[in-house]
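*Asks:* Quick check, what structure comes out for this input:
(one chain, ligands or ions: 1)
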Amino acid sequence: MQHNKSVSNWLFFICFMLLCMIALGGYTRLTGSGLSIMDWKPITGMIPPLSHAEWVREFDLYKTIPQYQIINNGFGLDGFKQIFWAEWSHRFLGRLIGLVVLLPLIYFIIKGAITKKLAILLFVFFILGGLQGGIGWFMVHSGFRPDSTAVEPVRLVLHLSCAIALYIAILWTGLSVRNPQPDLSLEKNTVKPVRTLLWIDIVLLCITIIAGGFTAGTHAGHSFNSFPLMNGHLIPENYGSLSPFIANFIDNIATIQFNHRLLATLTVIMVFITLFVGLKSTVTKHVKDGLMLMGWAVLIQYALGITTLLLVVPVWAGTVHQAFAVVLLTTLIIALHRSRTIHTTSI
Ligand code: HEM
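*Replies:* Sure, this is the predicted structure:
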């Protein structure tokens, strides 16, 4: 039992670090810092430039890419250092998370505090975390091409989606370690509709987050800065105007932003239907509290989205909106976990 508590606390701490990582990723993107480090050195890259000559070397490398020539030309070494530190911190935190996963994992294995199954699962998460670093580099690399000044939206979405998937997996594992047994007083038939709705909410939320990734990646938040209308229309005029239609989801800013708004609105509606059904049912107070938390979180996230849009994406609002999406997701996962009825895990 004591072990369960320390292991789950450790896993929750990793989740907190991942949340910070996602927020820092948003900050890095919003300050246009992501392309400032042009080397991929998983170990030695941890050490930042230590002499003036090394700074000049890094800066000279950066000067060769279009982002510098078109957007940042002439911002000097001090300007470069600013964007460098943001990207360096993002990468450094990634490495730190790797250590915070690996070292306690070894310790808990030696202490016999975790089962073999859990140890393997956590080791897989460690490997996936490393892979996520590789995906980050795959994304960054797309911004170095002669015709681009930012990363490819599709790769940005891939990087964000993998971070979210890993976060869900670690959070669920932590919750299951803390509470291995479902609440025995919960009746399967009573809780089933709530669980089904929660599953729909989670899928819808993940799609909304992906749509948010495209909104961010295409800088769609810098257009149509009014709500609920877009240039005076509920559905913007050139919605779906590109051919083939699928191209609109990647290249048409009006479509991308409208889709994100629509999905976010559907998410709010579905979360409130879930809340209504849950509160009306005879599920335990524990589950109802989880649902209430989720209801508040979705309202805050929706308001943050509108604020970000109306203020034309200031760095603070974009960063908070991105990070709070993860907080909202956390509340949904907690609600789903609390509403388990059968023995689902033995880790
Ligand atoms: C359930 C509600 C919502 C969720 C979960 C959500 C999620 C997200 C996420 C995760 C991003 C950032 C993705 C990334 O940086 O890669 C994003 C971006 C954005 N969202 Fe939302 N969003 C929601 C509601 C809204 C609403 C209602 C609006 C406005 C009407 C909105 C406007 C925006 C804008 C303008 C961006 C781009 C910001 C930027 O460039 O950094 N969002 N959203």
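*Asks:* what about Phe249, helix or strand, and which?
*Replies:* helix 248-251 (DSSP states H and E).
*Asks:* for the record, mean pLDDT for the helix or strand following that helix?
*Replies:* Next along the chain after helix 248-251, taking DSSP H and E as the criterion, comes helix 253-280. The pLDDT scores in helix 253-280 average 98.
*Asks:* Output the contacting helices and strands for helix 253-280.
*Replies:* Packing partners of helix 253-280 (3 or more Cβ pairs under 8 Å, 6 or more residues apart in numbering; DSSP states H and E): helix 188-217, helix 248-251, helix 285-310. Any C-beta I mention is one placed from the backbone N, CA and C, and that applies to glycine too.
*Asks:* That one to helix 188-217, inter-axis angle?
*Replies:* If you take axes from the mean of the first three to the mean of the last three Cα atoms, to 10 degrees, helix 253-280 sits at 160 degrees to helix 188-217.
*Asks:* does any part of helix 253-280 sit near the ligand?
*Replies:* Yes: Helix 253-280 reaches the ligand (Cβ under 6 Å from any ligand atom) through His260, Arg261, Ala264, Thr267.
*Asks:* so where's the longest helix in this structure?
*Replies:* When the chain is parsed with DSSP state H, its longest helix is helix 76-111.
*Asks:* ok, and for that helix, which residues are buried?
*Replies:* By neighbour count with 16 or more other Cβ atoms under 10 Å, helix 76-111 contains the buried residues 80-81, 83-84, 86-95, 97-98, 101, 104-105, 108.
*Asks:* swap in stretch 297-313?
*Replies:* For stretch 297-313, the neighbour count (16+ other Cβ under 10 Å) marks Ala297, Val298, Gln301, Tyr302, Leu304, Gly305, Ile306, Thr308, Leu309, Val313 as buried.
*Asks:* filter those by proximity to the ligand?
*Replies:* Counting by Cβ under 6 Å from any ligand atom, Val298, Gln301, Tyr302, Gly305, Ile306, Thr308, Leu309, Val313 from the buried residues of stretch 297-313 sit close to the ligand.
*Asks:* In JSON lines: the residues you listed, plus distance to Ile253 and pLDDT.
*Replies:* Output for these, formatted as JSON lines (distance: Cβ to Cβ, whole Å; pLDDT from 0 to 100):
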{"residue": "Val298", "distance to Ile253": "25", "pLDDT": "98"}
{"residue": "Gln301", "distance to Ile253": "22", "pLDDT": "98"}
{"residue": "Tyr302", "distance to Ile253": "21", "pLDDT": "98"}
{"residue": "Gly305", "distance to Ile253": "16", "pLDDT": "98"}
{"residue": "Ile306", "distance to Ile253": "18", "pLDDT": "98"}
{"residue": "Thr308", "distance to Ile253": "15", "pLDDT": "98"}
{"residue": "Leu309", "distance to Ile253": "13", "pLDDT": "98"}
{"residue": "Val313", "distance to Ile253": "13", "pLDDT": "98"}
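*Asks:* so which of the residues you listed comes closest to the ligand?
*Replies:* Among those, Gly305 lies closest to the ligand (Cβ to the nearest ligand atom), at 2.2 Å.
*Asks:* when you scan the longest helix of the chain, is anything in it near the ligand?
*Replies:* No: counting by Cβ under 6 Å from any ligand atom, the ligand is not contacted by helix 76-111; separation bottoms out at 13.0 Å.
*Asks:* Now do the same for that helix: mean pLDDT, whole number.
*Replies:* Averaging pLDDT along helix 76-111 gives 97.
*Asks:* what separates that helix from the chain centre, distance-wise?
*Replies:* Put simply, helix 76-111 sits 17 Å off its chain's centre (Cα atoms, centre = their mean, to the nearest Å).
*Asks:* Tell me the first helix or strand C-terminal of that helix.
*Replies:* Counting by DSSP H and E, the next helix or strand C-terminal to helix 76-111 is helix 116-141.
*Asks:* What average pLDDT does that following helix get?
*Replies:* Helix 116-141 comes out at a mean pLDDT of 97.
*Asks:* likewise stretch 232-243?
*Replies:* 96.
*Asks:* In it, which of the residues would be classed as buried?
*Replies:* For stretch 232-243, burial by neighbour count (16+ other Cβ under 10 Å) applies to Pro236.
*Asks:* Please list the residues outside that stretch that contact it.
*Replies:* Taking contacts as Cβ atoms under 8 Å, 6 or more residues apart in numbering, the residues outside stretch 232-243 that touch it are Phe224, Pro228, Met230, Asn231, Asn248, Asp251, Asn252, Ala254, Thr255, Gln257, Phe258.
*Asks:* And the buried ones among these, selectable in PyMOL?
*Replies:* PyMOL command restricting these to the buried ones, with burial defined by 16+ other Cβ under 10 Å:
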select buried, resi 224+230+248+252+254+255+257+258
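*Asks:* Could you single out the nearest of the contacts of stretch 232-243 to Ile37?
*Replies:* Distances from Ile37 to those, taken as Cβ to Cβ, are shortest for Asp251 (28.1 Å).
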